[in-house]
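1. Have a look; sequence and predicted model below, questions after that.
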Amino acid sequence: MLSLLRQYSHRWDLRHLKTLAWMVTALVYSSKLSLPEWEVHVPSRARQAQSTERRWQRFMGNRWVRIKSLYVPLVLAAIHRWKGRRLYLALDTTVLWNRYCMIHLSVTCCGRAVPLLWRVLEHSSASVSANRYLPMLRLAHRLLEDYPDVMVLADRGFANRDLLEWLSQSRWHYCLRLPSDVVVHGPRRHPVEVGTLWPPKGEARCNEGVGLWTDGRWRCNLVLANVRGVKEPWAVITDGSPSLNTLWQYALRFRVEELFLDSKSGVFDLEASGIRSAQALERLYLVAAVAILYGTTQGMAVQLDGLRSQVDPHWTRGIRYLNIGLRWLRGVVNKGCLLRHPIALFTVDPEPCFASKKAEDRYYNRIWFSRIQSMRCQLPTGEAA
């Protein structure tokens, strides 16, 4: 881990890199984002467990620890093969203890999401204003200037004029879900709310050139879908051609929900950390992000080398690459497995993950439409596009 960090962080204090490397290693073996849990996994000359814990606390409170400079080179190296393909970025928020809001910008890949950038605010709601996350998007735009085809995916809380204007200026594509109370122009003779346009169950409608909000000046394409078995219909706007592919693209956003589950309670138990500081939580999540990225690439390397069956009991792949990688890393110490060389993230998943045959059937047969309509909306006379 230390050699990996030093490969992309030559100018940083070696003490910071060593501390981060030990924390990531301890997290992999303890599976808990809890400072007291890490002491048993770290050899040290300290005789008191509190001394080791204070070492972690100093790292969390050290303003000279630059999160982006330590992590971003790692994730950029992992996605370098994606320059000729569309890169999907999922923008979302999650709330911790009804006190802190964490804004995530993640790369969707092979059924899951990998952190790219994040920010923690002392904010009790998952809804945040555009000025909170636009700086993060601007930074991502500079970092990804070599990627000509990027699409941002986001839920209803992010569908606002400020974000759409920035996306238009940045030449990034988008696929966003609309709230049901947004006023749209075009599908009907008069402006109506999206909630009045839902198609019947099992049907979809593709509308090209609708206008948004009261003035109707912002033009985009709208796909409405009422899927059987789903609680709420979808209203998805995009700058691309409106089709069923729009729904597939938006559905990639749900992969970040699995990332939140892994971080908060599923794999690393962030909610048990006991840390109550926005800045400290950002640095604590740095440990989780490195572990998630390293574990995922390690799992992909195990898959590529044909060794998956040594840690996955399923005949075909039944667990995600993160779990494969974490199991293999624990086996490096406990079973003498050889550490695999980290590889770039797969652009195409060679073996999708299904825990059972029933889960596979449900995945491929989950959305069916009995009727699909397409309509081109005309601009009102005298209105500019």
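-> Arrived safely, thanks for sending.
2. Show me the helices in the stretch 101-250 of the chain, by range?
-> 130-143, 161-170, 244-251 (DSSP state H, counting those that start in this stretch).
3. From the contact counts, what lies against the longest one?
-> Translated: helix 130-143. helix 67-78, strand 87-96, strand 100-109, strand 112-121, helix 161-170 (3 or more CB pairs under 8 Å, 6 or more residues apart in numbering; DSSP states H and E). C-betas here are computed from N, CA, C, even on glycine.
4. Pipe these into CSV and attach mean pLDDT, distance to Lys264 and mean neighbour count per row.
-> Shown next, in CSV, are the helices and strands packed on helix 130-143 (pLDDT from 0 to 100; distance: least, CB to CB, whole Å; neighbours: other CB atoms under 10 Å):
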stretch, mean pLDDT, distance to Lys264, mean neighbour count
helix 67-78, 91, 19, 17
strand 87-96, 94, 7, 22
strand 100-109, 94, 9, 22
strand 112-121, 93, 13, 22
helix 161-170, 94, 25, 15
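5. Between the helices of the stretch 101-250 of the chain, which one is closest to Tyr364.
-> Closest approach to Tyr364 among those is made by helix 244-251 (12.5 Å; CB to CB).
6. how near is the residue lying closest to Trp198 once chain neighbours are set aside to Leu224?
-> Among residues not flanking Trp198 along the chain, Pro233 sits closest, at 4.6 Å (CB to CB, 6 or more residues apart in numbering). Distance of Pro233 to Leu224, computed by CB to CB, to the nearest Å: 7 Å.
7. neighbour count winner among those two?
-> When neighbours are counted by other CB atoms under 10 Å, Leu224 comes out ahead of the other of Pro233 and Leu224, with 23 against 18.
8. What is the burial count for the closest residue to the more buried one other than its chain neighbours?
-> In this structure, Leu224 finds its nearest non-sequential neighbour in Arg205, 4.5 Å apart by CB to CB, 6+ apart. Arg205: 20 surrounding residues under other CB under 10 Å.
9. tell me which residues of the top helix by length along the chain are tucked away?
-> Longest helix in the chain, counting residues (DSSP state H): helix 278-304. With burial defined by 16 or more other CB atoms under 10 Å, the residues of helix 278-304 counted as buried are 278-303.
10. Also stretch 353-365?
-> 353-354.
11. Contacts for that stretch, please.
-> The list of residues contacting stretch 353-365 from outside it, by CB atoms under 8 Å, 6 or more residues apart in numbering, reads 111, 314, 316-321, 352.
12. Averaged pLDDT, it. What do you get?
-> For stretch 353-365, the mean pLDDT works out to 75.
13. With stretch 141-153 instead?
-> For stretch 141-153, the per-residue pLDDT averages 95.
14. And it, end to end?
-> Start-to-end span of stretch 141-153 (CA to CA, to the nearest Å) is 15 Å.
15. tell me which helix or strand of this protein sits lowest on mean pLDDT?
-> Within the chain, confidence by mean pLDDT, DSSP states H and E is lowest for helix 357-364 among all helices and strands, at a mean of 74.
16. can you dump the C-alpha coordinates of that helix into PDB?
-> Coordinates of the C-alpha atoms in helix 357-364 are reproduced here as PDB (Å, rounded to 0.1, in the frame of the first residue of the first chain):
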ATOM      1  CA  LYS A 357     -30.100 -17.700 -11.000                       C
ATOM      2  CA  LYS A 358     -33.300 -16.000  -9.700                       C
ATOM      3  CA  ALA A 359     -31.400 -12.800  -9.300                       C
ATOM      4  CA  GLU A 360     -30.100 -13.000 -12.800                       C
ATOM      5  CA  ASP A 361     -33.500 -13.600 -14.300                       C
ATOM      6  CA  ARG A 362     -34.900 -10.700 -12.300                       C
ATOM      7  CA  TYR A 363     -32.200  -8.500 -13.600                       C
ATOM      8  CA  TYR A 364     -32.700  -9.200 -17.300                       C
END
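17. now the residue nearest to the spatial centre of the chain, nearest residue through space, not along the chain?
-> Geometric centre of the chain, nearest residue: Ser106, 3.1 Å, by CA atoms, centre = their mean. Leaving aside its sequence neighbours, Ser106 sits nearest to Ala113 (CB to CB, 6+ apart; 3.9 Å).
18. That neighbour touches Leu91, doesn't it?
-> No: Ala113 lies out of contact with Leu91 (CB atoms under 8 Å); the separation is 10.8 Å.
19. ok, and what's touching stretch 118-127?
-> Contacts of stretch 118-127 (CB under 8 Å, 6+ apart): 93-95, 98-105, 128, 132-133, 136, 157, 278-279, 281-282, 285, 289.
20. now with 7 Å?
-> The contact list for stretch 118-127, computed with CB atoms under 7 Å, 6 or more residues apart in numbering, reads 93-95, 98-104, 128, 132, 136, 157, 278, 281-282, 285.
21. mind checking how far that stretch is from the chain centre?
-> 16 Å (CA atoms, centre = their mean, to the nearest Å).
22. With stretch 2-14 instead?
-> Computed by CA atoms, centre = their mean, the chain-centroid distance of stretch 2-14 equals 25 Å.
23. And stretch 189-199, by the same measure?
-> Put simply, stretch 189-199 sits 31 Å off its chain's centre (CA atoms, centre = their mean).
24. Please apply the same query to stretch 247-265.
-> Computed by CA atoms, centre = their mean, the chain-centroid distance of stretch 247-265 equals 6 Å.
25. Please shift the residue numbers so they start at 42 in all later answers.
-> Got it, first residue is 42 now, which makes that one stretch 288-306.
26. what's the first-to-last distance across it?
-> 28 Å.
27. So for that stretch, what gets flagged as buried?
-> Using 16+ other CB under 10 Å as the test for burial, stretch 288-306 gives 288, 290-291, 293-294, 296-297, 300-301, 303-305.
28. before we move on, what about stretch 377-388?
-> Burial within stretch 377-388, assessed by neighbour count using 16+ other CB under 10 Å, is assigned to 378, 381, 383-384, 386-387.
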